[in-house]
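> When you get a sec, could you give me coordinates for this:
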Amino acid sequence: FYFFHWMTDVSGAEGLPLAGAEKFTLRFPKAVLVSFLWSIPFLSKLAEQTETEVVETYLVERFLEALPEQDLPQGADAVARMRIAVMAQSGARFALDGFRDAPHIVQ
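Modelled structure (predicted):
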């Protein structure tokens with residue numbers, strides 16, 4: 001839901017109907033557009049799974065694609081580490097190193 005809301009918001013930000021399409025095809029970073037398109041099949045899972053289950057499945061798949069040589073995170077901060085890796089995109093290793101080295105309030 002949030003993905004489509006954001007996507008329609010971005011495409012509708014231009015006054016002319018075709019200008020929104022141009023924003024995606026001409027001015028949008030290719031890596032971001034590819035990432036969005038890659039995520040679309042996960043939306044169909046909302047008919048059978050909870051939103052939380054779909055997001056967790058998505059995070060696992062994106063993590064494995066971004067860092068295939070690393071094991072999936074385990075423990076209380078596993079979801080946080082997967083989200084950081086997904087958000088950092090090509091800088092996932094650096095972001096996870098920073099998270100690991102940062103002082104934590106709760107261990």
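
> going forward, measure contacts between C-alpha atoms and count neighbours the same way
Noted.

> got a pLDDT number for the most centrally placed residue in the chain?
Residue closest to the average C-alpha location in the chain (Cα atoms, centre = their mean): Val86, at 5.0 Å. Val86 is assigned a pLDDT of 90 by the prediction.

> For it, pull up the helix or strand it's in.
Val86 is part of helix 78-88 when elements are defined by DSSP states H and E.

> buried ones in that helix?
Under the neighbour-count criterion of 16 or more other Cα atoms under 10 Å, helix 78-88 has 79, 81-86 buried.

> now stretch 55-67
Result for stretch 55-67 [16+ other Cα under 10 Å]: buried residues 55, 58-64, 66-67.

> circling back: quick check, nearest of the buried residues of helix 78-88 to Pro29?
Taking Cα to Cα as the measure, Pro29 lies nearest Val86 of the buried residues of helix 78-88, at 16.1 Å.

> The closest one is in contact with Leu59, isn't it?
Yes - counting by Cα atoms under 8 Å, Val86 touches Leu59, with 7.1 Å between them.

> Show me the shaky parts of this structure.
Scanning the chain for pLDDT under 70 picks out 1-4, 11-21, 23-25, 105-107.

> Just say helix, strand or coil for Gln49.
Under DSSP: H, G, I helix; E, B strand; the rest coil, Gln49 falls in the coil class.

> List the contacts of it.
Counting by Cα atoms under 8 Å, 6 or more residues apart in numbering, Gln49 touches no other residue.

> how close does it sit to Leu43?
10 Å (Cα to Cα, to the nearest Å).

> Setting aside sequence neighbours, what's the nearest residue to Tyr58?
Using Cα to Cα, 6 or more residues apart in numbering and skipping residues adjacent in sequence, the residue nearest Tyr58 is Phe42, 6.8 Å away.
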